[in-house]
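Chemist: A structural model of the following input is requested.
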Amino acid sequence: MSQSADYAELPDKARPRLPRQIAYIIGNEGCERFSFYGMRNILTQFLVSSALLFSASELIPQAEREGTAKEVFHTFVLGVYFFPLLGGWLSDRFLGKYRTILYLSLVYCVGQGFLAMFVNDKAGFFFGLFLIALGSGGIKPCVSAFVGDQFDQTNKSLARYVFDAFYWIINFGSFFASLLMPAILKHWGPVFAFGIPGVLMFISTVILWLGRRLYIDVPPSPAHPNSFVRVVRSALLARGPVGSGRPGLMLAILGGIIAVACMVMGFVDLHRMLLTEASPLLGVAQWWCLALVVAIGFAGVGTWWQLERAKSTHPAEAVDGARSVLRILVLFALVTPFWSLFDQKASTWVLQAKGMTKPSWFEPSQMQALNPLLVMLLIPFNNLVLYPALRRWGVEPTALRRMTAGIAFSGLSWVVIGLLQSSMDGGEPLSIAWQILPYALLTFGEVLVSATGLEFAYSQAPGPMKSAIMAFWSLSVTVGNLWVLLVNTAVRNDGVTRNIESSGLGVMTFQMFFFAAFAFLAALAFGVYAARYPLADHYRKSE
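Modeler: Residues are numbered from 1 along each chain as shown. Down below sits the predicted model:
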């Protein structure tokens, strides 16, 4: 008898019931995602077309305007995926999920309001972007976990359907935001284009508040004695056999010194911008993100070097769990090139679309509506058609195989987009419809990587380590955008630009093929590493 038949034959009182509060959380998420993607997907277009970034915009070359707009966009995305660290910490240790989401949603609303009020003021607009990054990023690690908290043993069978609805509503909001907001920016102006997402964010917060008496709000708890951070600290500080020293600790300290140097360079750049008005060497956010990457990388290698020493303080299971997290970090590092490619659909691809032929009513940013639409189509196609077909042919689509293929498909999409740009550089006019193919390839890669990666990582880490995994997954997106900023900074160098031009390629075309090669190398490295990855199973045991 099928599961649905079993369910149908249960008496009404025995059937699991959907928690009433789920409707408030789903409504909250739909409005918030419309708000976020509504402003995010028009940000590059607005910055290129406005005088906000330039004191004498008509004298600034188009390529420089586009490069600066890309830099602002990816710095913003970098912040969005950095602040989950703060949100998760506040939720777990002090506020709980509901209050963290509510308070940071209010910050989010203020940020959206700043964008609408300060479309002609650089300081006010950028402060609004900071508040949105803080609010949106801060609630990110809390919302999906808050959904799960609403279920217990009596109705957990319904949780999967709710998470499907949750993911669907995210893409529903993204689809309509991507379709509508570029047209509103064109016809009504930036005040309305940024104001409407602000109104939706306010509605989202009100919907969340209305369900306050119904939520199951798991209270914050003290740090777990065998958490990932505590095992790492014990491993680095523990003394080994006489004469062995603590090489892992020395490596972690070296990473800390380099990280401090990067942070100092961030302050130097800040001084250059505020006091001398000179162009930054790299950018404050970029330097500080680079500092975080260096500190985590060196500390991770140092911890691996001395991890066995932690068994003197922690049970073997906790040490093995930390080892699992470190292995997963290698996978996350190899996924970062995918995020470099994926997030540029809202910057580089929009800039390419501006130079393509299209109907007068169609805005370049509206092409991004293809992404959520394709996601909603590809997920059921993969689960119902593609994966069963692969199994019939004797190929098991494991999580790591799917992620390897997803990174490779993202690289293939950039080969196509680079070929299109090369044709445009040669003077051949191309219809914006040509972007459908690279969008389809990139979205297919997204479904294989994004929808698979976090679930896989959770299965590999024991309970006390799962919050660390959520934070590191968000950081992988941050690092992916850091690579974009570093490449963007490199091509601003006159010597690098001359070398690119001597190759016969335009700068944008070169960058497209560069990122395609970056993804293919990452897919190769990911596949090789995945083939030797020791699988674990740390799902919660049934009760």
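
Chemist: need the longest helix for the chain.
Modeler: Scanning the chain for the longest helix, with DSSP state H as the assignment, gives helix 159-188.

Chemist: Please pull up the helix or strand immediately following it.
Modeler: Toward the C-terminus, helix 159-188 is succeeded by helix 190-210 as the next helix or strand (DSSP states H and E).

Chemist: So for that following helix, mean pLDDT?
Modeler: The pLDDT scores in helix 190-210 average 95.

Chemist: repeat for stretch 221-240
Modeler: For stretch 221-240, mean pLDDT rounds to 86.

Chemist: What's the end-to-end length of it?
Modeler: Separation of the first and last residues of stretch 221-240 by C-alpha to C-alpha, to the nearest Å is 33 Å.

Chemist: Tell me how far that stretch lies from the chain's centre.
Modeler: 28 Å (C-alpha atoms, centre = their mean, to the nearest Å).

Chemist: for stretch 201-220, same thing?
Modeler: 24 Å.

Chemist: now stretch 485-496
Modeler: For stretch 485-496, the separation from the chain centroid amounts to 24 Å (computed by C-alpha atoms, centre = their mean).

Chemist: What are the contacting residues of it?
Modeler: Applying C-beta atoms under 8 Å, 6 or more residues apart in numbering, the contact partners of stretch 485-496 are 67, 70-71, 74-75, 78, 282-283, 286, 497, 500, 507, 510-511, 514-515. Yep, even glycine has a C-beta here, placed from its N, CA and C like the rest.

Chemist: can you pull the buried residues of it?
Modeler: For stretch 485-496, a neighbour-count test (16 or more other C-beta atoms under 10 Å) marks 485, 487, 488, 489, 491 as buried.

Chemist: just to revisit the earlier point, please name every helix or strand in contact with the longest helix of the chain.
Modeler: Helix 159-188 makes packing contacts with helix 22-49, helix 122-149, helix 190-210, helix 370-381 when contacts are defined by 3 or more C-beta pairs under 8 Å, 6 or more residues apart in numbering; DSSP states H and E.

Chemist: Export the helix or strand that comes right after the first one to CSV, keeping only CA atoms.
Modeler: Read that as helix 22-49. Going down the chain from helix 22-49, the next helix or strand is helix 62-80, by DSSP H and E. Below are the C-alpha coordinates for helix 62-80, written out as CSV (Å, rounded to 0.1, in the frame of the first residue of the first chain):
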residue,chain,number,x,y,z
GLN,A,62,31.3,53.1,-20.0
ALA,A,63,33.7,50.2,-19.2
GLU,A,64,34.8,52.0,-16.0
ARG,A,65,31.2,52.7,-15.0
GLU,A,66,30.3,49.0,-15.5
GLY,A,67,33.4,47.8,-13.6
THR,A,68,32.6,50.0,-10.7
ALA,A,69,29.0,48.9,-10.6
LYS,A,70,30.0,45.2,-10.7
GLU,A,71,32.4,45.9,-7.8
VAL,A,72,29.6,47.5,-5.6
PHE,A,73,27.2,44.6,-6.5
HIS,A,74,29.6,41.8,-5.5
THR,A,75,30.8,43.7,-2.4
PHE,A,76,27.1,43.8,-1.4
VAL,A,77,26.6,40.1,-2.0
LEU,A,78,29.9,39.4,-0.2
GLY,A,79,28.3,41.1,2.9
VAL,A,80,25.0,39.3,2.6
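
Chemist: what's the residue nearest to residue 137 when sequence neighbours are not counted in contact with, if anything?
Modeler: With sequence-adjacent residues excluded and distances taken as C-beta to C-beta, 6 or more residues apart in numbering, residue 137 is closest to residue 83, at 3.0 Å. Shown in contact with residue 83 (C-beta under 8 Å, 6+ apart): 133, 134, 136, 137, 138, 140.

Chemist: Name the member of those residues with the most neighbours.
Modeler: Highest neighbour count within the contacts of residue 83, by other C-beta atoms under 10 Å: residue 136, with 29 neighbours.

Chemist: ok, that residue - contacts?
Modeler: Applying C-beta under 8 Å, 6+ apart, the residues contacting residue 136 are 32, 36, 80, 83, 108.

Chemist: re earlier: for my notes, please list the contacts of residue 83 in a markdown table and give distance to residue 376 and pLDDT for each entry.
Modeler: Shown next, in a markdown table, are the contacts of residue 83 (distance: C-beta to C-beta, whole Å; pLDDT from 0 to 100):
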| residue | distance to residue 376 | pLDDT |
| --- | --- | --- |
| 133 | 27 | 94 |
| 134 | 29 | 94 |
| 136 | 22 | 93 |
| 137 | 25 | 89 |
| 138 | 27 | 90 |
| 140 | 21 | 84 |
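
Chemist: Looking at those, spot the one nearest residue 449.
Modeler: residue 140 (17.4 Å; C-beta to C-beta).

Chemist: quick one: that closest one and residue 474 touch, right?
Modeler: Yes - using C-beta atoms under 8 Å, residue 140 and residue 474 qualify as a contacting pair, with a distance of 6.5 Å.

Chemist: what's the overlap in contacts for these two?
Modeler: Counting by C-beta under 8 Å, 6+ apart, the residues touching both residue 140 and residue 474 are 81, 84.

Chemist: Can you show me the strands along the stretch 251-400 of the chain?
Modeler: Under the criterion DSSP state E, counting those that start in this stretch, the stretch 251-400 of the chain contains no strands.

Chemist: In JSON lines: the helices and strands packed on helix 159-188, plus distance to residue 312.
Modeler: Putting the helices and strands packed on helix 159-188 into JSON lines (distance: least, C-beta to C-beta, whole Å) gives the following:
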{"stretch": "helix 22-49", "distance to residue 312": "44"}
{"stretch": "helix 122-149", "distance to residue 312": "32"}
{"stretch": "helix 190-210", "distance to residue 312": "46"}
{"stretch": "helix 370-381", "distance to residue 312": "46"}
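
Chemist: most packed of those?
Modeler: Sort the helices and strands packed on helix 159-188 by mean neighbour count, taking mean count of other C-beta atoms under 10 Å, and helix 22-49 sits at the top with a mean of 23.

Chemist: Give me the angle between it and helix 122-149.
Modeler: With axes from the mean of the first three to the mean of the last three C-alpha atoms, to 10 degrees applied, the angle from helix 22-49 to helix 122-149 works out at 150 degrees.

Chemist: Quick check: mean pLDDT of helix 22-49?
Modeler: For helix 22-49, mean pLDDT is 90.

Chemist: now stretch 244-258
Modeler: Mean pLDDT, computed over stretch 244-258, is 92.

Chemist: and what of stretch 336-346?
Modeler: Rounded mean pLDDT across stretch 336-346 is 93.

Chemist: outside of that stretch, which residues touch it?
Modeler: Applying C-beta under 8 Å, 6+ apart, the set of residues contacting stretch 336-346 is 40-41, 43-44, 70, 73-74, 77, 365, 368, 371, 406-407, 410-411, 413-414, 439, 442, 445-446, 449-450, 476-477, 479-481, 483-484, 515-516, 518-519, 521-522.

Chemist: Buried ones among those residues?
Modeler: By 16+ other C-beta under 10 Å, the contacts of stretch 336-346 give 40-41, 43-44, 70, 73-74, 77, 365, 368, 371, 406-407, 410-411, 413-414, 439, 442, 445-446, 449-450, 476-477, 479-481, 483-484, 515-516, 518-519, 522 as buried.
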